[in-house]
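> turn this into a structure:
(chains A and B)
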Amino acid sequence: MNFLLDIDPKTFWNAPNGSFELYAKIFIALILAVAATVGMLYAPPQLRKWIIRLVTFGSGLFYVMFWLFPAPIDRQPTSAPRNAVETFSFWVSDSQLVVASLTNVISGFLIGLGIYSLLRVHLGRIAKQQRDWAFSAVLVGSMVVMVFFGFGDWIQHQDPKNFILADQKNWGLINYGRDLLFDGLLQNMDAGMFSIVAFYILSAAYRAFRARSVEATILLLTALLVILSLMGVVEFLWSGFIDKISPTNFGMHAFVQSFKLSAMSGWLRSNVQTPAIRGIDFGVGIGLLAMGLRLWLSLEKTGGEG
Amino acid sequence: MAMNESQAPSLAEKLQSLPKQVIYGILLVTCTVPLFFSVKLPNKPIDASIDFYGQTMKLPDNGRVIICSDWTNSTRGESKGEMEVLLKLLMRKHIKFVLMSIGDVQAPQVAKDTIREVNALEKLTGGTPYKEFEDYVNLGYFAAGEGTILAVNNKILSIAQGKKDFPEGAGPKDALQSPVFQGVKSVEDFNMFYLVTASSTNRTVLERITKCPLMFMVSGVMVPENNSYYAAKQLKGLCGGVKGVYDLETLMENGINNGSDSVESDLYRGEKIPGWPGKGNTGKGTAYYLALHFALALLIIAVIVGNVGMLLSKKGSK
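You can find the predicted model right below:
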């Protein structure tokens, strides 16, 4: 966590290490955080709704300001603001670092919330011995074991005397445990799960990729060309064939050369695929903008306040 | 008997309804067997890979870059090869790097494991292994990717403040004390920002890093999307999937416009970019390219078989 640390240049958000100003800022931040938490706990539901809306709007407004408010060009660490506009602009720019740190901290809390939610659901299922409770037991057990060995290994690495752990010969039970669980099990299961996708892709392509219409046939042929261009051997053999039959006449030579797989797939990428993706991206971007506005202005009700 | 004959499926039906166990079995064999053979296949690197290699080779020796490693072992078939080839390139040019992740909590550890493996490989071929803290500094994982990447562009030192790294033979030290950060004032002091990813962090980086040139290494399915940014020159180079890795391995072996065996490219006309012939350039790309051939060939055959079945059944019904 780097906000309120002694970062140069000095801004509203930091102060020298050990100074009264630093401790005062930490104290004020703490008081404000406690007051906000208690306030939220005791606020009536209707007011709470408006507080959430206000916080959402304020959070969004910061980044809107960051992107849209005129930023000083070529600002140096020693630059001082010359007017109110620049003062605000400097403040927004300096505050972004603090906001970035805060979002990292909030994301940390989300992990805590996730763990709480997971334990609440699965411990309840185990206690009541509901259907498939054994899977819940495996899940909770795996989490506890991973946390134990993971943190144990991490704590050992924090000790300056334990630099010898860089060499596997000096590992103990905790280190071997973490290695087995993380590198030995989790990583390989991760890879195994993802590789299953290949089976589904092949099966789906075989069953569904049919030339039932003109559009489907065009799609099929373009896909075939692109796939073949990824196969170096096919590309090499076909290029050799094209070079062999290519006439010396310049116009015809260029025409025949354009039938090389790399030329055809390159043309498809540049003139068909890229513009199509840009068009899709443009549409998605507009959709995201509309969605972002709805979220920012708390107009989006689904999945939020009920 | 006659009844049985009338019920027997026709060839068209058979072709359209191969049991999935058979399809899965064939895929398993065709993808596994080639892994036991290291075969150097002919290859013509695509422009995006050539640019990736050319731009990396043009970086100053002893320079400094950022690697945002956002892959995990779920895509190791592609991403690990990409990371390995990138590390080899940087190590051979003695370029220091900052390692960070915004995509997945597992990513920093996976990247560190890969660095250790590449160190061992480089040592075997006479190279100098990279030391943590001295040659690269690991900032770890940042949960809020968007804000963090914006802060990298805005003021990179702020994201390293308070972070610890583990030098070899010593306890944890402040990341900012690392030689990698010496003399750094902003992200502009880095020669390149590399992103190795198999997730949507490509957009996070592309939209926010404006003060440093970018190059991406992405999984095969992400190539079309990122090709759009490469075509617009927002990316200096792009390496995509196993083909991209094999392209880079080919270029490392032969160089660009560098003699009889080298890759000829109009992108670097009049320039000779060397390679490192015979210096352990083969890696995951060479290992998996043959398997990719078989898998793609199988995909094509499966689609053809299905379509032939459909055509036969249409013909039969007329």
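
> ok, now which ones touch the closest residue in space to residue B:274 that isn't next to it in sequence?
Spatially, and ignoring its direct neighbours in sequence, residue B:274 is nearest to residue B:255 (4.6 Å; C-beta to C-beta, 6 or more residues apart in numbering or on different chains). Using the backbone N, CA and C atoms, a C-beta is placed for each residue, glycine as well. Residue B:255 is in contact with B:262-263, B:272-275, counting by C-beta atoms under 8 Å, 6 or more residues apart in numbering or on different chains.

> one more pass at 10 Å, please.
Listed by C-beta atoms under 10 Å, 6 or more residues apart in numbering or on different chains, the contact set of residue B:255 reads B:53-54, B:57, B:261-263, B:272-277.

> closest residue of chain A to chain B?
residue A:160 (2.3 Å; C-beta to the nearest C-beta).

> need the pLDDT of the spatially closest residue to that residue that is not a sequence neighbour.
Leaving aside its chain neighbours, residue A:160 sits nearest to residue B:171 (2.3 Å; criterion: C-beta to C-beta, 6+ apart). Note for residue B:171: predicted pLDDT of 80.

> from memory residue B:171 sits against residue A:166, does it?
No - contact between residue B:171 and residue A:166 fails when scored by C-beta atoms under 10 Å: they sit 11.2 Å apart.

> whichever of the contacts of residue B:255 end up buried, select them in ChimeraX.
Selection of buried members from these for ChimeraX, criterion 16 or more other C-beta atoms under 10 Å in any protein chain shown:
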select /B:53,54,57,262,263,273,275,276
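
> residue ranges for the helices of the stretch 201-318 of chain B, please.
B:201-208, B:223-231, B:241-254, B:284-317 (DSSP state H, counting those that start in this stretch).

> any residue of the longest one up close to chain A?
Same thing as helix B:284-317. Yes - residues of helix B:284-317 contacting chain A under C-beta under 10 Å from any C-beta of the partner chain: B:289-290, B:292-307, B:309-311, B:314.

> buried residues, that helix. List them.
Those would be B:284-300, B:302-303, B:305-307, B:309-310, B:312, for helix B:284-317 by 16+ other C-beta under 10 Å.

> leaving out chain neighbours, which residue sits closest to the spatially most central residue of chain B?
Centroid check for chain B by C-alpha atoms, centre = their mean gives residue B:82 as the closest residue, at 2.8 Å. Nearest residue to residue B:82 in three dimensions, chain neighbours excluded: residue B:217, at 3.9 Å (C-beta to C-beta, 6+ apart).

> any weak-confidence spans in the chain?
No chain in the question, so chain A it is. Residues of chain A that meet the criterion pLDDT under 70 lie in A:1-10, A:302-306.

> wrong chain, I was asking about chain B
Looking along chain B with the criterion set at pLDDT under 70, you get B:1-6, B:318.

> would you say residue B:68 is within a strand?
Yes - according to DSSP: H, G, I helix; E, B strand; the rest coil, residue B:68 belongs to a strand.

> so who does it touch?
Counting by C-beta under 10 Å, 6+ apart, residue B:68 touches B:98-103, B:107, B:111, B:139, B:142, B:145, B:148-149, B:152, B:193-197, B:201-202, B:204-205, B:209, B:214, B:216.

> from those, which ones fall inside helices?
Those of the contacts of residue B:68 mapping onto helices are B:107, B:111, B:145, B:148-149, B:152, B:201-202, B:204-205, per DSSP state H.

> which among those count as buried?
Buried among those (16+ other C-beta under 10 Å): B:107, B:111, B:145, B:148-149, B:152, B:201-202, B:204-205.

> nearest to chain A, of the residues you listed?
Set against chain A, the nearest of these by C-beta to the nearest C-beta is residue B:148 (5.5 Å).

> I'd guessed the closest one sits against residue B:155; true?
No - counting by C-beta under 10 Å, residue B:148 stays clear of residue B:155, with 11.5 Å between them.

> common neighbours of the two, please.
A:97, A:100.

> by proximity to chain A, which residue of chain B wins?
Nearest residue of chain B to chain A: residue B:171, at 2.3 Å (C-beta to the nearest C-beta).

> contacting residues for that residue?
Residue B:171 touches A:157-163, B:164, counting by C-beta under 10 Å, 6+ apart.

> now residue B:276
Contacts of residue B:276 by C-beta under 10 Å, 6+ apart are B:88-89, B:92, B:125, B:127, B:252-255.

> let me have the residues you listed in JSON lines, extended by distance to residue A:248.
Compiled in JSON lines, the contacts of residue B:276 are given as follows (distance: C-beta to C-beta, whole Å):
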{"residue": "B:88", "distance to residue A:248": "42"}
{"residue": "B:89", "distance to residue A:248": "40"}
{"residue": "B:92", "distance to residue A:248": "43"}
{"residue": "B:125", "distance to residue A:248": "45"}
{"residue": "B:127", "distance to residue A:248": "47"}
{"residue": "B:252", "distance to residue A:248": "36"}
{"residue": "B:253", "distance to residue A:248": "33"}
{"residue": "B:254", "distance to residue A:248": "29"}
{"residue": "B:255", "distance to residue A:248": "30"}
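
> among those residues, which two are most distant?
Farthest-apart pair in those is B:127 and B:254; separation 18.8 Å (C-beta to C-beta).

> per-domain residue ranges of chain A.
Chain A breaks down by automatic domain parsing into domains covering A:1-105, A:131-208, A:214-306.

> turn those domains into TSV, columns for mean neighbour count.
As requested, the domains of chain A are exported to TSV (neighbours: other C-beta atoms under 10 Å in any protein chain shown):
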stretch	mean neighbour count
domain A:1-105	13
domain A:131-208	14
domain A:214-306	14
